[in-house]
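Student: build me a structure from this.
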Amino acid sequence: MSAHELLSDTAPAVFRLNGQFLSAAERLARPAGLTAAWWQVLGAVLREPLPVAGIARAMGVTRQSVQRVADLLVERGLAVYEPNPAHRRAKLLAPTGEGRAAVDRITPGHAEFAARLGEALGGEEAFAEVRDALERLSKALDGLEAPGADGTGPTGM
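Tutor: Reported below is the predicted structural model:
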C-alpha cells in the first residue's frame, strides 16, 4: 500500500476516533455538570494557570474557541482570570474550587472507562503502544506542512 493510500485511510480513522473520544467525554462529563470542552479546558489548567493562547496551542485548537469556553467557565464560577506577570493583557485562566470539584466528580467514571478500554485493547501494554503510536503520528504531523491546493502553504487534511 502506498503512503498516499495509507494517509487516505488514516485520516478518516483519526477523524472517527476524535468523534468517539468527544462522545465518550460528553458522557463522562455530563453527570459533573460539564461538557467535554469545559472539561478539556479545565483539565489544561489544573496543574498551573495558563493564558488562553497557551491552552489553545496545547489542545491544537483556535484561541477563539478556547476563549469562548474560558469565558463561560468564568461566568459559571468554575474558573477565574488571574493577572499574568509575563503579559499584562493575556490573563491566566485558573480553576476555582468548584471547577476542581467538578473535574474530580468525573474521575471515577473516567477510571472505569479507561479500565474497560484498556481491557478491550488487550491490556495496559497494548494501550501504551496505541498511545505511543498516536503521539508519534502527532509529532510527525507537527513537523510537516501539507501543501495547499495551489501548492503554496499549509492546510488541514
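Student: can you show me the helices along this structure?
Tutor: Secondary structure of the chain by DSSP state H: the helices cover 3-29, 36-44, 52-59, 63-75, 97-121, 124-142.
Student: quick one: closest of the ones you listed to A90.
Tutor: Of all these, it is helix 52-59 that lies closest to A90, at 6.5 Å by C-beta to C-beta. Bear in mind the C-beta positions are built from the backbone N, C-alpha and C, glycine included.
Student: center of this protein - which residue?
Tutor: Note on the chain: the residue nearest the mean C-alpha position is M59, at 4.6 Å, using C-alpha atoms, centre = their mean.
Student: surely it meets G43?
Tutor: No: checked against C-beta atoms under 8 Å, the pair M59 and G43 is beyond contact range at 9.5 Å.
Student: around L144, how many other residues sit close by?
Tutor: When counting by other C-beta atoms under 10 Å, one arrives at 8 neighbours for L144.
Student: remind me which residues of the chain are low pLDDT?
Tutor: 146-157 (pLDDT under 70).
Student: give me that answer again for 80
Tutor: 145-157 (pLDDT under 80).
Student: one step back: could I get the helices of the chain as TSV with distance to E82?
Tutor: Below are the helices of the chain laid out as TSV (distance: least, C-beta to C-beta, whole Å):
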stretch	distance to E82
helix 3-29	24
helix 36-44	15
helix 52-59	12
helix 63-75	11
helix 97-121	13
helix 124-142	29
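Student: out of those, nearest to H87?
Tutor: Closest of the helices of the chain to H87 is helix 52-59, at 9.4 Å (criterion: C-beta to C-beta).
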